[in-house]
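In: just coords:
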């Protein structure tokens, strides 16, 4: 039920979407993404096995020798090669198949058990390693785990409850056996780089006799000061193979926040900030923001956000771009003009609620799936 009375509102479905651009570089959507109505699974191609080749009539290995009698019979038996017998050949093939398949089955079963044990590792139970830095000097905090065997980690961002000027970092790591990885901090101009690295993936052969050292769980907590001495500077938080989560805060961030993840999801829990940028290359973005004035949200997965615009916001801009679906809710806090665009034949645009014509806000939503905006 879209608003059609206001000529400033525009809802379109772009059927002329051309191949090219960032929207066509979409990675397969995360399993956390809700399937869209109207989506259809890709067709599957069933390939029939080729029939076995027939034996040649001229082949000596398939011809049964003529019956003989007397002493010649024993000589015939001795002179026949076992490998020429079809029965022996089939037995050899069966033995080879068993020799190849059985180890793979055993390896798969043990590997599954190791993976289950790896998932049970919990870094919360491990000792905490403490670090700190000045966020007014190093405004960009980043995590690089490309030189380690960390598959996924968690980065939790919150405000420091104490009156501190420095940012504090907690690091917890869980891994079987020896220490999982080394941590280095490399200050680079305005960037504070946290780097994980390790020299080996473990000594277990194929990881069969226990979990290998590549099974690592990491939990990082970043505590930012309640007030920044340079609020005009943007704070950048980025990580590669980490899910990033902001914890609820009662003190508003007096600086702009820019949160980026390469392969992880971004979850914002009642984030209290005026200016926010959220970006993930291969994940989803969801949660809630309050007292919002400007926001730019980009995901190659899906976006599901509850956003409350600040009462004193003027000339604000909000944009949400995703390869999956986009679902936004404003709770009567948005007033201005908006535009919703989908680049998919099955894309559906829905908007609910009345938008005030006297507002100065601008909203733009773009997706390849369904787009739903609730203003009420």
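Out: Cool, the structure landed. Note that the coordinates shown come from a computational prediction; the quantities given were computed from them, not determined experimentally.
In: how close does residue 144 get to residue 371?
Out: The gap separating residue 144 from residue 371 is 34 Å, by Cβ to Cβ, to the nearest Å. No exception for glycine: its C-beta is placed from N, CA and C like everyone else's.
In: any idea where the helices of this structure begin and end?
Out: Listed in chain order, the helices of the chain (DSSP state H) span residues 71-79, 86-119.
In: By mean pLDDT, show me the worst of those.
Out: Mean pLDDT per stretch puts helix 71-79 lowest among these, at a mean of 47.
In: From what I see, residue 182 and residue 197 are in contact.
Out: Yes: the criterion here is Cβ atoms under 8 Å, and residue 182 meets it with residue 197 at 5.6 Å.
In: So between residue 144 and residue 371, which is more surrounded?
Out: residue 371 (26 against 17; other Cβ atoms under 10 Å).
In: mind showing which ranges of the stretch 251-376 of the chain have poor pLDDT?
Out: Across the stretch 251-376 of the chain, the ranges flagged by pLDDT under 70 are 345-348, 354, 356-358.
In: Try it again at 80.
Out: 344-358, 376 (pLDDT under 80).
In: where does the stretch 51-200 of the chain dip in pLDDT?
Out: By pLDDT under 80, the weakly predicted segments of the stretch 51-200 of the chain are 51-121, 125, 149-152, 163, 175-181, 198-200.
In: where along it do the strands fall?
Out: For the stretch 51-200 of the chain, the strands defined by DSSP state E, counting those that start in this stretch occupy 129-133, 140-147, 153-159, 167-174, 182-188, 191-197.
In: what would these look like in CSV with distance to residue 248?
Out: Shown next, in CSV, are the strands of the stretch 51-200 of the chain (distance: least, Cβ to Cβ, whole Å):
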stretch, distance to residue 248
strand 129-133, 23
strand 140-147, 20
strand 153-159, 8
strand 167-174, 18
strand 182-188, 28
strand 191-197, 24
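In: Out of the ones you listed, the one nearest residue 365 is which?
Out: Among the strands of the stretch 51-200 of the chain, strand 153-159 comes nearest to residue 365, with 25.9 Å by Cβ to Cβ.
In: tell me what that closest one is packed against?
Out: On a contact count with 3 or more Cβ pairs under 8 Å, 6 or more residues apart in numbering; DSSP states H and E, strand 153-159 meets strand 140-147, strand 217-224, strand 235-239, strand 242-246.
In: ok, the closest residue to residue 235 other than its chain neighbours - contacts?
Out: Spatial nearest neighbour of residue 235, chain neighbours left out: residue 255 (5.2 Å); criterion: Cβ to Cβ, 6 or more residues apart in numbering. Residue 255 is in contact with 228, 230-235, counting by Cβ atoms under 8 Å, 6 or more residues apart in numbering.
In: Equivalent analysis for residue 191, please.
Out: Residue 191 sits in contact with 138-142, where contact means Cβ under 8 Å, 6+ apart.
In: And residue 375, by the same measure?
Out: 330, 332, 334, 351-355.
In: Could you rank the residues you listed by neighbour count and give me the top one?
Out: residue 334 (26 neighbours).
In: distance of the residue lying closest to residue 336 once chain neighbours are set aside from residue 334?
Out: Among residues not flanking residue 336 along the chain, residue 361 sits closest, at 3.2 Å (Cβ to Cβ, 6+ apart). With distances taken as Cβ to Cβ, residue 361 is found 6 Å from residue 334.
In: swap in residue 307?
Out: Using Cβ to Cβ, one gets 8 Å for the distance from residue 307 to residue 334.
In: Now residue 243: closest residue in space, sequence neighbours ignored.
Out: Residue 243's closest residue in space is residue 264 (Cβ to Cβ, 6+ apart), at 4.0 Å.
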